[in-house]
Each structure stands twice: as structure tokens, then as C-alpha cells.
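Chemist: based on what follows, work out the 3D shape:
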Amino acid sequence: MRVSTFLVLAAVAGIGFTATAPKAKAQVSVAIGVAPDCPYGYYDVAPYSCAPTGYYGPEWFNGDGFIGAGPWFHGASDFRGNVDNRLHPEHGYTGPTPKRGEKAEPSKRVDSAHFKGNEARDGRGHVAEGKK
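Modeler: Just a heads-up that it's a prediction; the model follows:
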């Protein structure tokens, strides 16, 4: 009798603790918004600051329009483009970068003959091939 009374009280206590435990609410929020308006493209990692001229190779542009990077990538799934990662803040770059909304200066555009990329990436920030 004592054992059954103890088990019943333990079960009632367990149910009581379970019923009063605070419930955790899962919360997922994704807010991408509009791609930054940057004259030479933007870095492919948050906070998606504007990248300086020469960071992206010419294959990242369609005419004067940047095809995207990160969540705004507009290229093919098998896209591979060259970047000069020495111009990335994660690699120590602290030089000048354009502000959002600035217009590209044609004289600063780096053409394919003068581009010095050292890494190939897909449009989502992943290294696509080994370094050159």
C-alpha cells in the first residue's frame, strides 16, 4: 500500500511540475530586404557593406549591374566568379569603400585584363575552387 501511494503521489507531482513549466516558443525570423545599392558590388557576408572597386572580377557584372552576392545572388547555381579577397575586411582590408547609393565611376572600373583575383567563389560566399 505504501509503495502504491508513493508512486501515485510521485506521478501527481510530476504532472504538476510539467503543467507549470514555462513553455519555450520557437521563433525564426528572416528579414533579407533589398540588396544594398553599391557601385562595385557588396561583400557576400553580413553586414553586406559595399565592396571597393577591384574586389569582384568582371564576371560578377552584367553591363553595369552587379549580379549579386549572399542572399541576393542572381546568378546560375553553378556560377564561379573571381574575387580579390585581400580587399575583404576579414582579411585585414581597412581601405576606402564606397557608400551605399554612390554611383560607379567608369574610370575606376577594373577590366578583365587588369583584375588580380586570388580566389574563386560562388555567389553565396563559399570558396568554389582553390586559390589561384
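
Chemist: residue 89 and residue 58: what is the separation?
Modeler: 22 Å (Cβ to Cβ, to the nearest Å). Every C-beta, even on glycine, is put in place using the N, C-alpha and C of the backbone.

Chemist: next one: residue 111
Modeler: 6 Å.

Chemist: looking at these two, which one has more neighbours?
Modeler: residue 58 (15 against 8; other Cβ atoms under 10 Å).

Chemist: quick one: contacts for that one?
Modeler: Contacts of residue 58 were listed using Cβ atoms under 8 Å, 6 or more residues apart in numbering, and they are 110-112, 115.

Chemist: redo that, cut-off 7 Å
Modeler: Taking Cβ atoms under 7 Å, 6 or more residues apart in numbering as the criterion, residue 58 is in contact with 111-112, 115.

Chemist: quick one: pLDDT of it?
Modeler: pLDDT for residue 58: 91.

Chemist: which ones are touching the spatially most central residue of the chain?
Modeler: Nearest to the geometric centre of the chain sits residue 45, at 3.5 Å (Cα atoms, centre = their mean). Taking Cβ under 7 Å, 6+ apart, we find residue 45 in contact with 70, 125.

Chemist: oh, and call the first residue 712 from now on, that's how I've got it
Modeler: Shifting the count to begin at 712 puts that one at residue 756.

Chemist: that's all I had, so thanks and see you.
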